[in-house]
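Engineer: Predicted coordinates and the sequence they were generated for:
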Amino acid sequence: MVDDRAQMQTLESLIASSIIVMVMVFTIDATTLTPLTSSTANVHVEAELMALGQDTLSILDYPAYPEDKSPLKYDITGWNGSTYVWNGSAYNVLNFRNTNDTSSSLNNNITGLTSRIFVPRGIAHNLLVAYLFEGGTSNKVMIWNGDPSNNAVVISRKMVLHDADVDRVNYSAYTGIDDIDNSSKLYNVVEVRLVLWRM
Amino acid sequence: MEDVRSMEDDRGQLMLLAAFMIGFSLVVVTLMLNSILYSGNVAFESSTDPMRYDIQNIRELSASEFRYAYKNGNMTDAYTRNLSRGLNTLFGVHGVSIQLVNGTIFSSNLTQNGMPGGIANWTVVENVTTMDNFTMDLNFLALASSDADAFEVQAVNNSNQSSIFWSMKVYYDNSAGKLYVNITTQTYSSVNNTLSTPFFPFDIKNYRYGTGDYFAFNFTNTVSGKNYTIKFINGNKASGKFNLTGNFTNNRYFERARDTMMNVTFDIFTSRARINLTVPVSLPW
């Protein structure tokens, strides 16, 4: 009987120590069970944003007629180089001296879609245009709504600008996008980057 | 007394063991569920491959650029090189390297995509109100040999697709060495017309063919004042060029033309894969 008791106590201690070890393993391995942690739940959100952004840029880059520029190309080639911020009702020019400046707002094909798709869903968005120059690449911001979060996604679409697409006199001065090939009708190759994140 | 106490101790220890086993099994089950959820989410993440969007972008952009370069007489090695270098610089930021090559040029079929296996019966242009130019230059040796499966061009009523304003069938009898053209309208039919060489090009709008000989295509007077759609039937039975320009019903200008086909090759390199893709591109449209 003393042996049985000793064996029972040994068994008790073994199981107790196993439970302690399992609890420690559980604590270390727990990754998926809370939506607030940086976990695989955020992968779903990122995948949704990626799909939404890709669809938006694909629609914008599709011309209504084969002879025409796409709405996205039309907006990029007609851009005046300014940066615009969503103020709750419109995309107004970013004026550091007067943040309430509403003298100039952006109304084009891009803002027509972003204000209808992203704003009602609480999806913050930035739109940048990256372009080529002698030293490599640079970028300029068209729409700015703050620094993206860690879970932001970036969707990009490349397009080619021709000499006939832009105002050769003013476009370079406004946007910084220069003609990279004077020997042909190629003006520049730009990348439109859409950054999306949940607020 | 001592036996009763030892029995109670044993029962107590058994109950404690049972509680430990229950707790242990709960922890194991929770860990397994955790692993299943994690594995499922990792599998989901691996299925969302953004590379396909880049491939689609490259393909559309390159086809569009080669068409533009061909139309503007800018199809040079320097243009392709500069375009390729520009794309490489931008894609390189994402870890993708691209090589773009404009390859062989070959004769096009009159199917939707210009290839022999493309859709043979297709709509070339809809909602046409006026036609400024309608020319075709076909390889007569590639035409069908009888009326049954001959290449056909139709001008169809926009509001009633079963109502054909005008149609033209073209076929070549190799044994007789004759080209036949059949013209049919809603009020008129002229079949088994033979043309003298050279047979092409057809200037359908201006009733001319070859070196300027007259032929009663009867297209212009038949469709005058009407809104119509141009269709090609049995396009796989014809090879060559076509050019249609005019205005839509909303007065916008259109141009639908095909001179030739070109194979464009993309080599796309990433850290995970290398993709070699050759796409036939119709030029200039």
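Structural biologist: It's in.

Engineer: so A:Leu66 is in which element?
Structural biologist: Quick fix: residue A:66 is Pro, not Leu. Secondary structure assignment for A:Pro66, by DSSP states H and E: no helix or strand.

Engineer: Equivalent analysis for A:Leu132, please.
Structural biologist: Judged by DSSP H and E, A:Leu132 forms part of strand A:123-133.

Engineer: And the helix or strand following that strand, what's buried?
Structural biologist: Downstream of strand A:123-133, the next assigned helix or strand under DSSP H and E is strand A:136-143. Within strand A:136-143, the residues that count as buried by 16 or more other Cβ atoms under 10 Å in any protein chain shown are A:Thr137, A:Lys140, A:Val141, A:Met142, A:Ile143. Glycine gets a C-beta too; all of them are placed from N, C-alpha and C.

Engineer: hmm, back to that, from the contact counts, what lies against the strand holding A:Leu132?
Structural biologist: The elements that strand A:123-133 packs onto, with contact taken as 3 or more Cβ pairs under 8 Å, 6 or more residues apart in numbering or on different chains; DSSP states H and E, are helix A:109-117, strand A:136-143, strand A:186-198, helix B:77-92.

Engineer: avg pLDDT for the shortest one?
Structural biologist: Here the mean pLDDT over strand A:136-143 is 92, rounded to a whole number.

Engineer: pLDDT wise, what is residue 52 at?
Structural biologist: Unless you meant another one, I'm taking chain A. For A:Leu52, pLDDT reads 93.

Engineer: my bad, chain B
Structural biologist: The model's pLDDT for B:Arg52 equals 78.

Engineer: Just the element for it, please.
Structural biologist: If you go by DSSP H and E, B:Arg52 is part of helix B:51-71.

Engineer: quick one, that helix and helix B:77-92 angle?
Structural biologist: Computed by axes from the mean of the first three to the mean of the last three Cα atoms, to 10 degrees, the angle separating helix B:51-71 from helix B:77-92 equals 160 degrees.

Engineer: Check which helices and strands helix B:51-71 sits against.
Structural biologist: Secondary-structure packing of helix B:51-71 (3+ Cβ pairs under 8 Å, 6+ apart): helix A:41-60, strand A:153-162, helix B:77-92, strand B:97-106, strand B:253-269, strand B:274-284.

Engineer: Point out where the chain drops to low pLDDT.
Structural biologist: Let's take chain A. A:1-4, A:29-42, A:99-102 (pLDDT under 70).

Engineer: you looked at the wrong chain, it should be chain B
Structural biologist: B:1-9, B:38, B:40-50.

Engineer: Quick one: the helices in it, in order.
Structural biologist: B:2-47, B:51-71, B:77-92, B:220-223 (DSSP state H).

Engineer: can you narrow the buried residues of strand A:136-143 to ones near chain B?
Structural biologist: Contacts with chain B are made by A:Thr137 out of the buried residues of strand A:136-143, judged by Cβ under 8 Å from any Cβ of the partner chain.

Engineer: Tabulate the buried residues of strand A:136-143 in TSV, adding columns for distance to B:Ser146.
Structural biologist: Conversion of the buried residues of strand A:136-143 to TSV gives the following (distance: Cβ to Cβ, whole Å):
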residue	distance to B:Ser146
A:Thr137	60
A:Lys140	63
A:Val141	65
A:Met142	60
A:Ile143	62
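
Engineer: Which members of the buried residues of strand A:136-143 are the farthest-apart pair?
Structural biologist: Farthest pair in the buried residues of strand A:136-143 (Cβ to Cβ) is A:Thr137 and A:Ile143. Separation: 19.3 Å.

Engineer: Strands of the stretch 151-285 of chain B, start to end?
Structural biologist: B:151-157, B:164-173, B:178-185, B:189-195, B:202-203, B:208-209, B:213-214, B:228-233, B:240-248, B:253-269, B:274-284 (DSSP state E, counting those that start in this stretch).

Engineer: Quick one: those as JSON lines, columns for mean neighbour count and distance to chain A too.
Structural biologist: Listed next are the strands of the stretch 151-285 of chain B as JSON lines, based on neighbours: other Cβ atoms under 10 Å in any protein chain shown; distance: least, Cβ to the nearest Cβ, whole Å:
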{"stretch": "strand B:151-157", "mean neighbour count": "22", "distance to chain A": "20"}
{"stretch": "strand B:164-173", "mean neighbour count": "20", "distance to chain A": "24"}
{"stretch": "strand B:178-185", "mean neighbour count": "19", "distance to chain A": "29"}
{"stretch": "strand B:189-195", "mean neighbour count": "13", "distance to chain A": "32"}
{"stretch": "strand B:202-203", "mean neighbour count": "22", "distance to chain A": "22"}
{"stretch": "strand B:208-209", "mean neighbour count": "20", "distance to chain A": "26"}
{"stretch": "strand B:213-214", "mean neighbour count": "10", "distance to chain A": "32"}
{"stretch": "strand B:228-233", "mean neighbour count": "21", "distance to chain A": "15"}
{"stretch": "strand B:240-248", "mean neighbour count": "19", "distance to chain A": "8"}
{"stretch": "strand B:253-269", "mean neighbour count": "17", "distance to chain A": "6"}
{"stretch": "strand B:274-284", "mean neighbour count": "16", "distance to chain A": "10"}
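
Engineer: Identify whichever of these lies nearest to A:Gly176.
Structural biologist: Comparing the strands of the stretch 151-285 of chain B by Cβ to Cβ, strand B:253-269 comes nearest, at 29.0 Å.

Engineer: and that closest one, which strands flank it?
Structural biologist: If you go by DSSP bridges, strand B:253-269 pairs up with strand B:97-106 (antiparallel), strand B:240-248 (antiparallel), strand B:274-284 (antiparallel).

Engineer: Can you give me the distance of B:His80 to chain A?
Structural biologist: Quick fix: residue B:80 reads Thr, not His. 10 Å (Cβ to the nearest Cβ, to the nearest Å).

Engineer: What sits closest to that residue if chain neighbours are left out?
Structural biologist: Of all residues not flanking B:Thr80 in the chain, B:Asn102 sits nearest, at 5.4 Å (Cβ to Cβ, 6 or more residues apart in numbering or on different chains).

Engineer: so what's that neighbour up against?
Structural biologist: B:Phe66, B:Met75, B:Thr80, B:Met262, B:Val264 (Cβ atoms under 8 Å, 6 or more residues apart in numbering or on different chains).

Engineer: For it, name its beta-bridge partners.
Structural biologist: Beta bridges link B:Asn102 to B:Val264 when assigned by DSSP bridges.
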